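Asks: Fold the following for me, if possible:
(one chain, ligands or ions: 2)
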Amino acid sequence: MKVTVVGAGAVGASCAEYIAMKNFCSEVVLVDIKEGFAEGKAMDLMQTASLNGFDTKITGTTGDYSKTAGSHVAVITSGIPRKPGMTREELIGINAGIVKEVTENLVKHSPEVIIIVVSNPMDTMAYLVHKTSGLPKHKIIGMGGALDSARFKYRLAEALEAPISDVEGMVIAAHSDTGMLPLLSKATRNGVPVTEFLNDDQQKYVIEETKVGGATLTKLLGTSAWYAPGAAVSVMVQAIACDQKKMIPCSLMLEGEYGQNDICLGVPAIIGANGVEQIVNVTLTAEEQLKFAEAANAVREVNGDLKF
Ligand SMILES: NC(=O)C1=CN([C@@H]2O[C@H](COP(=O)(O)OP(=O)(O)OC[C@H]3O[C@@H](n4cnc5c(N)ncnc54)[C@H](O)[C@@H]3O)[C@@H](O)[C@H]2O)C=CC1
Ligand SMILES: O=C([O-])CC(=O)C(=O)O
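Replies: Residues are numbered from 1 along each chain as shown. Ligands and ions are numbered 1, 2, ... in the order given. Alright, predicted model coming up:
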């Protein structure tokens with residue numbers, strides 16, 4: 001299994017590191033536009049191999065996509081991250097051009113590739129990849145829900161004063177500060193609804209902190225997060241590489257599911273060797289349905305700024 005990661009910055013390098021450390025694929029190719037940068041990150045990571053005990057080969061290239069030929073999976077992390085006070089949507093002007101160009105290069109050299117889109121605004125960038133790659137829809141997967149769900153579980157465990165391994169929960173809809181939909185109605189502690197443990201204020205706190213999880217870290221770090229994003233991508237790549245049929249919320253092109261069409265939004269899906277194997281329809285409360293539709297309207301508005 002060969003995996004390409006485009007963008008060897010904070011998130012791209014973290015993706016490569018987690019993928020390599022989990023030791024499930026033979027090769028990771030890092031690509032960056034900055035001269036020597038991907039080569040340097042690859043060499044540094046390879047020098048952790050004997051220390052961390054992995055055999056995955058990591059190489060780097062400055063924009064030579066022939067080195068990515070025959071990739072099974074490609075992860076797009078190229079583009080600028082936000083700074084404190086910005087929204088993800090403000091990145092569209094620069095990132096759309098980068099994501100489009102990168103997609104064309106990837107597909108040219110790996111026509112069978114499955115693409116995982118990370119660059120922000122992610123739901124819109126995933127939509128752009130659908131419109132420009134010519135790939136079938138099951139091969140384009142936006143990464144947002146896996147990360148947002150991990151942050152939801154972190155906040156739930158904190159409020160419950162429970163170990164994270166006791167907690168289950170999922171975030172769907174948009175990967176944005178306002179459009180995330182943490183499904184509190186479905187979250188459990190060992191199968192028991194969390195609503196039986198948390199009062200209204202605690203529930204509100206968990207939801208609000210989850211939604212602004214990325215903004216909180218951006219304020220603390222001066223740029224956006226990378227460890228949890230890299231780990232989330234590695235879980236998705238492993239689900240594909242090992243045909244795990246794992247249920248992960250991902251931003252996918254909807255054709256009628258959840259009452260939406262011609263838009264990429266976060267929904268639970270079964271991820272396996274073919275990429276998206278099935279979109280899972282979960283029953284939402286009336287309030288959740290309304291919030292999902294509102295998130296869709298906001299993403300549709302941002303998609304309107306794209307030029308193909
Ligand atoms: N979907 C999600 O959950 C998350 C998305 N992100 C997004 O991921 C993106 C990357 O974030 P970071 O890694 O922190 O940024 P970074 O600035 O550390 O790395 C981005 C890299 O992309 C490279 N790049 C720019 N144009 C390129 C091109 N045409 N071809 C190849 N490489 C190119 C840059 O040289 C840089 O090394 C941002 O858009 C950020 O908002 C970040 C975290 C989570
Ligand atoms: O917050 C950001 O801009 C980066 C991101 O998408 C996240 O960490 O969730």
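
Asks: what are the phi and psi angles of the residue of the stretch 201-308 of the chain found nearest ligand 1?
Replies: Closest contact between the stretch 201-308 of the chain and ligand 1, by Cβ to the nearest ligand atom, is at Pro229 (3.6 Å). Glycine gets a C-beta too; all of them are placed from N, C-alpha and C. Main-chain torsions, Pro229, degrees, to the nearest 10: phi -60, psi -40.

Asks: Could you show which parts of the stretch 51-200 of the chain are in contact with ligand 2?
Replies: Within the stretch 51-200 of the chain, the positions adjacent to ligand 2 are Pro81, Arg82, Arg88, Asn120, Leu147 by Cβ under 6 Å from any ligand atom.

Asks: Any chance of a markdown table for these, columns secondary structure?
Replies: Converted to a markdown table, those look like this (DSSP: H, G, I helix; E, B strand; the rest coil):
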| residue | secondary structure |
| --- | --- |
| Pro81 | coil |
| Arg82 | coil |
| Arg88 | helix |
| Asn120 | coil |
| Leu147 | helix |
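
Asks: Check the residues you listed and tell me the two furthest apart.
Replies: Among those, the pair separated by the greatest distance (Cβ to Cβ) is Arg82 and Leu147, at 14.7 Å.

Asks: quick revisit: now the buried members of the residues of the stretch 51-200 of the chain next to ligand 2.
Replies: Neighbour counting with 16 or more other Cβ atoms under 10 Å marks Pro81, Arg82, Arg88, Asn120, Leu147 as buried within these.

Asks: how close does the second one sit to ligand 1?
Replies: In this case it means Arg82. Going from Arg82 to ligand 1 by Cβ to the nearest ligand atom, to the nearest Å gives 6 Å.

Asks: Val117 reaches Ala126, doesn't it?
Replies: Yes - the criterion here is Cβ atoms under 8 Å, and Val117 meets it with Ala126 at 4.4 Å.

Asks: more neighbours, those two?
Replies: Using other Cβ atoms under 10 Å, the more surrounded residue of Val117 and Ala126 is Ala126, with 32 against 29.

Asks: Which residue is the nearest non-sequential neighbour of that one?
Replies: The shortest distance from Ala126 to any non-neighbouring residue, by Cβ to Cβ, 6 or more residues apart in numbering, is to Gly142 (3.4 Å).

Asks: and that neighbour, how many residues sit next to it?
Replies: With other Cβ under 10 Å as criterion, Gly142 counts 30.
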